[in-house]
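Asker: Sequence below, structure please.
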Amino acid sequence: VQLQASGGGLVQAGGSLGLSCAASGRTFSSYVVGWFRHAPGKEREFLASINWSGSIISYKTSVKGRLIISRDNAKNTVYLQMNSMKPEDTAVYYCAAQKAGSEFYDYWGQGTQVTVSS
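Answerer: As a prediction, the model looks like this:
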């Protein structure tokens with residue numbers, strides 16, 4: 001499975017941005033897909049995940065209410081809508097896919113830069 005994250009860019013504080021994670025190579029409809037981010041000087045952090053049907057969604061507590069994860073299996077794409085953005089949201093955002101039964105995320109996208117200006 002190859003993952004391609006896109007949609008990053010520059011946004012003003014308080015604005016919104018939508019990211020997409022498109023999969024190719026094999027359908028990932030049965031995979032859990034997660035979004036992560038990595039800011040300079042900080043560790044990579046988990047943001048949100050969604051199971052294959054969209055019935056199980058998890059969020060990092062601090063972003064719950066501002067970020068919305070969703071997926072369209074017909075398009076092999078998972079989305080992350082980010083609202084009320086803050087300068088501290090500035091980071092490289094990654095999507096990753098976890099096979100059923102796997103303990104870790106098995107496939108990672110290349111990341112997309114998100115910069116929030118104050």
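
Asker: Any idea how many residues pack against the residue lying closest to Val32 once chain neighbours are set aside?
Answerer: Closest residue to Val32 apart from its sequence neighbours, by C-beta to C-beta, 6 or more residues apart in numbering: Gln98 at 4.3 Å. All C-beta atoms are positioned from the backbone trio N, CA, C, and that covers glycine. Neighbour count of Gln98, defined by other C-beta atoms under 10 Å: 18.

Asker: tell me the pLDDT at Gln98?
Answerer: Model confidence at Gln98, given as pLDDT, is 93.

Asker: Tyr93 touches Leu3, doesn't it?
Answerer: No - applying C-beta atoms under 8 Å as the test, Tyr93 and Leu3 come out as separate, 11.8 Å apart.

Asker: how close does the spatially most central residue of the chain get to Ile50?
Answerer: What sits nearest the mean C-alpha location of the chain, by C-alpha atoms, centre = their mean, is Trp35, with 2.7 Å. Separation of Trp35 from Ile50 (C-beta to C-beta, to the nearest Å): 9 Å.

Asker: intersection of neighbour lists for the two?
Answerer: The contact sets of Trp35 and Ile50 overlap at Ile69, Val78 (C-beta atoms under 8 Å, 6 or more residues apart in numbering).

Asker: quick one on the thing from earlier: how close does the residue nearest to Val32 sit to Asp106?
Answerer: 6 Å.

Asker: mind checking the SS state of Phe46?
Answerer: Following DSSP: H, G, I helix; E, B strand; the rest coil, Phe46 is assigned to strand.
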